[in-house]
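**Q** Sequence and predicted structure are below.
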Amino acid sequence: MSTYQLTNTTYTETIGFALFNDPDNPDSPSYTLSGATQTVPVTRNGRAVSYKLPFDLPTIEVEGDRLVASVPGAFVDHWEKVR
């Protein structure tokens, strides 16, 4: 659970509560209530907005009702708002 702010130039995320589950880590799952905040730049290409999540691997691209999250060599996930 995080709060975020998206502006024309930056994406800022503040962690309220997070659960990280890594099957390869014997100490997993781990929890955080850190309240850490990070800001990353936003790239605009026409109507599309993209940014790298500051606390996680995916890069996010949003255009209209479409969102794509991707990690090169790992996955590409597509979401679309259904009206």
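**A** Yep, it's here.
**Q** which of the residues in stretch 63-77 are buried?
**A** 68-70 (16 or more other Cβ atoms under 10 Å). Heads up, the C-betas are built off the backbone N, CA and C, glycines and all.
**Q** nearest to Pro26, of those?
**A** Ala69 (27.8 Å; Cβ to Cβ).
**Q** any idea which helix or strand carries the closest one?
**A** strand 66-71 (DSSP states H and E).
**Q** Now do the contacts for Tyr4.
**A** 11-14 (Cβ atoms under 8 Å, 6 or more residues apart in numbering).
**Q** For these, which PyMOL command selects only the ones that are buried?
**A** Written as a PyMOL command, the selection of buried residues from the contacts of Tyr4, which uses 16+ other Cβ under 10 Å, is:
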select buried, resi 11+13+14
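**Q** Name whatever forms a beta bridge with Thr3.
**A** Thr14 (DSSP bridges).
**Q** Need the pLDDT of it.
**A** Thr3 carries a pLDDT value of 95.
**Q** thought it was touching Phe17?
**A** No: using Cβ atoms under 8 Å, Thr3 makes no contact with Phe17, being 10.9 Å away.
**Q** Could you find the closest non-adjacent residue to the spatially most central residue of the chain?
**A** Taking Cα atoms, centre = their mean, the centroid of the chain lies closest to Leu53, which sits 3.6 Å from it. Distances taken as Cβ to Cβ, 6 or more residues apart in numbering put Ile60 closest to Leu53, at 6.3 Å, once the chain neighbours are dropped.
**Q** what's that neighbour sitting at in phi/psi?
**A** phi -110, psi 140 (degrees, to the nearest 10).
**Q** mind listing the strands in the chain by residue range?
**A** Here the chain has its strands, by DSSP state E, at 2-6, 10-15, 18-20, 30-32, 37-41, 43-45, 48-52, 59-63, 66-71, 75-80.
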